[in-house]
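*Asks:* got a structure for you, letters missing:
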């Protein structure tokens, strides 16, 4: 499933407006208000040294410039941050979780609220995950079958049964701009049989999800599984593409396999995913992971790392992690990252942040989380610029050369 690049062309897979066509156009021409409110995707620039690319996604709630990082708001909130703060980081889309929102506050409440955008006060695009990851993470609380997956609620213990059709219905009620099919994300294993079985189930569920999807202004993405086996990944990709989704996600990466195994899947499968659709890597959220993913031709990324790290006082910088709780920052009056222009770095020192953590003040985790979200959003913005200028390969090598993965 080899793709051919045509950097001089934009390839929308849906018409750009009433009566529009899918013909080529000038890459320098702005893509703007002529959108018809439907979902669409256009590639804009390709890096000559890697498979990195830039693009633009159109949704009913606004445009998304890719590659892009999506802050995770599992419960309808990016932990510790207000929607306005998230928007000011430059975020163009966030991710929420259909399973968790179905459990709390419940679909009836969200329906009466007018959908998730209205409920949480966020006006930009939202992608909702289906709950497939919970099949992976809540193994002790679920029972898998051909029909769907039964959960014992992690919140109150009640029995929940989700089918591919039910998950589509939930996401249509939520009103997200991008919905994900229900899939099975298998745990890391070097045994082919359970991975093959998972692939088969995911493919059957994907067909049912597509058949059930009715909301015309909501995109539905298929998910590619297959573990660490490139041939199974390619089989899953081919079977998912046959169903014809609006975009495609690479799932089951960074779930326990070695870094080398993860990168092999990214480098082999990423460039083979359909070029005219958005490519989403689920669960990537460290700077080095994002650089590798972008170089493999992927467009959308999400992870809880910015806020999870933030709650423990670990901050991303271009040189590596800074853990502000450490004693050596007691009288360090520099910002977390002297080159960063986020609210945290422009107003507070490492010393002050360490003080907040030592006093168990909630402001400390919030400020470091804010910095981390800003840092990854800004990093992806810089990457887009480098791709467009034809210098991404050099930027990637320089960044990797100065980034220390160890805490300091």
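*Replies:* Sure thing, it's come through. The model shown is predicted, which means the values in this text are computed figures rather than measured ones. Residues are numbered from 1 along each chain as shown.

*Asks:* could you pull out the strands for the stretch 251-400 of the chain?
*Replies:* 279-281, 300-303, 314-317, 320-323 (DSSP state E, counting those that start in this stretch).

*Asks:* Make a markdown table out of those strands and add mean neighbour count.
*Replies:* C-beta here means a position set from N, CA and C on the backbone, and glycine is covered the same way. A markdown table is the format used below for the strands of the stretch 251-400 of the chain (neighbours: other Cβ atoms under 10 Å):
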| stretch | mean neighbour count |
| --- | --- |
| strand 279-281 | 29 |
| strand 300-303 | 24 |
| strand 314-317 | 24 |
| strand 320-323 | 19 |
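
*Asks:* neighbours around residue 188, how many?
*Replies:* Neighbourhood size, residue 188 [other Cβ atoms under 10 Å]: 16.

*Asks:* do residue 106 as well
*Replies:* By other Cβ under 10 Å, neighbour count at residue 106 equals 11.

*Asks:* Give me the local confidence score for it.
*Replies:* Predicted confidence (pLDDT) for residue 106: 95.

*Asks:* cool, and residue 285?
*Replies:* For residue 285, the model assigns a pLDDT of 93.

*Asks:* so it touches residue 309, yeah?
*Replies:* No - applying Cβ atoms under 8 Å as the test, residue 285 and residue 309 come out as separate, 9.0 Å apart.

*Asks:* So for those two, which residue has more residues nearby?
*Replies:* Set residue 285 next to residue 309 and count neighbours by other Cβ under 10 Å: residue 285 wins out with 25 against 22.

*Asks:* For that one, which residues are in contact?
*Replies:* 69, 301-306, 376 (Cβ atoms under 8 Å, 6 or more residues apart in numbering).

*Asks:* now swap in residue 316 and tell me
*Replies:* 286-287, 306, 309, 337, 371-372, 375-376.

*Asks:* go on, residue 331?
*Replies:* Contact analysis of residue 331 by Cβ under 8 Å, 6+ apart lists residue 351.

*Asks:* where along the stretch 101-250 of the chain do the helices fall?
*Replies:* 107-112, 116-120, 132-137, 164-174, 192-212, 230-243 (DSSP state H, counting those that start in this stretch).

*Asks:* Got phi/psi on residue 275?
*Replies:* Residue 275 adopts backbone torsions of phi -70, psi -20, taken as degrees, to the nearest 10.

*Asks:* for the one 3 residues further on, same thing?
*Replies:* In this entry, residue 278 is assigned phi and psi values of phi -60, psi 140 (degrees, to the nearest 10).

*Asks:* Nearest residue to it in space, please, no chain neighbours.
*Replies:* Nearest non-adjacent residue to residue 278, counting by Cβ to Cβ, 6 or more residues apart in numbering: residue 247, 3.9 Å away.

*Asks:* Tell me what the one you found is bridged to.
*Replies:* For residue 247, the beta-bridge partners are residue 221 (DSSP bridges).

*Asks:* my guess is it contacts residue 276, does it?
*Replies:* No - Residue 247 lies out of contact with residue 276 (Cβ under 8 Å); the separation is 10.1 Å.

*Asks:* any common contacting residues for those two?
*Replies:* Joint contacts of residue 247 and residue 276 (Cβ under 8 Å, 6+ apart) are residue 41.

*Asks:* more crowded one of these two?
*Replies:* Shown here are residue 247 and residue 276; by other Cβ under 10 Å, residue 247 has more neighbours (23 against 14).

*Asks:* Could you check how far the longest helix along the chain is from the centre of its chain?
*Replies:* The helix spanning the most residues in the chain, taking DSSP state H as the definition, is helix 363-389. Its chain's C-alpha centre and that of helix 363-389 lie 14 Å apart, by Cα atoms, centre = their mean, to the nearest Å.

*Asks:* cool, and stretch 247-257?
*Replies:* Distance, centroid of stretch 247-257 to centroid of chain: 11 Å (Cα atoms, centre = their mean).

*Asks:* just for the chain, where's the confidence low?
*Replies:* Residues of the chain that meet the criterion pLDDT under 70 lie in 1-36, 132-142, 154-155, 407.

*Asks:* per the record, what domains does it have?
*Replies:* 66-303, 313-408 (automatic domain parsing).

*Asks:* Deepest-packed of those, please.
*Replies:* domain 66-303 (a mean of 20; mean count of other Cβ atoms under 10 Å).

*Asks:* how far does it stretch from start to finish?
*Replies:* 16 Å (Cα to Cα, to the nearest Å).

*Asks:* For the nearest residue to residue 342 once chain neighbours are set aside, which residues are in contact?
*Replies:* Leaving out its chain neighbours, the residue that sits closest to residue 342 by Cβ to Cβ, 6+ apart is residue 374, at 3.8 Å. Contacts here follow Cβ under 8 Å, 6+ apart; on that basis residue 374 touches 89-90, 340, 342-344.

*Asks:* From what I see, residue 320 and residue 404 are in contact.
*Replies:* Yes - judged on Cβ under 8 Å, residue 320 makes contact with residue 404 at a distance of 3.3 Å.

*Asks:* still on that earlier bit, same list as before, the helices of the stretch 101-250 of the chain that is, but in CSV and with distance to residue 291 included.
*Replies:* What follows is the helices of the stretch 101-250 of the chain, written out as CSV (distance: least, Cβ to Cβ, whole Å):
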stretch, distance to residue 291
helix 107-112, 36
helix 116-120, 31
helix 132-137, 23
helix 164-174, 31
helix 192-212, 27
helix 230-243, 21
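
*Asks:* And these: which comes nearest residue 256?
*Replies:* Nearest of those to residue 256, taken as Cβ to Cβ: helix 132-137 at 9.8 Å.

*Asks:* tell me the secondary structure for residue 63?
*Replies:* For residue 63, the assignment made with DSSP: H, G, I helix; E, B strand; the rest coil gives strand.

*Asks:* Give me the neighbour count for the closest residue to it other than its chain neighbours.
*Replies:* The spatially closest residue to residue 63, leaving aside those adjacent along the chain, is residue 56, at 5.9 Å (Cβ to Cβ, 6+ apart). Residue 56 has 19 neighbours, counted by other Cβ under 10 Å.

*Asks:* Doesn't residue 56 lie inside a strand?
*Replies:* Yes - when three-state DSSP is applied, residue 56 is found to be in a strand.

*Asks:* Lovely, talk soon.
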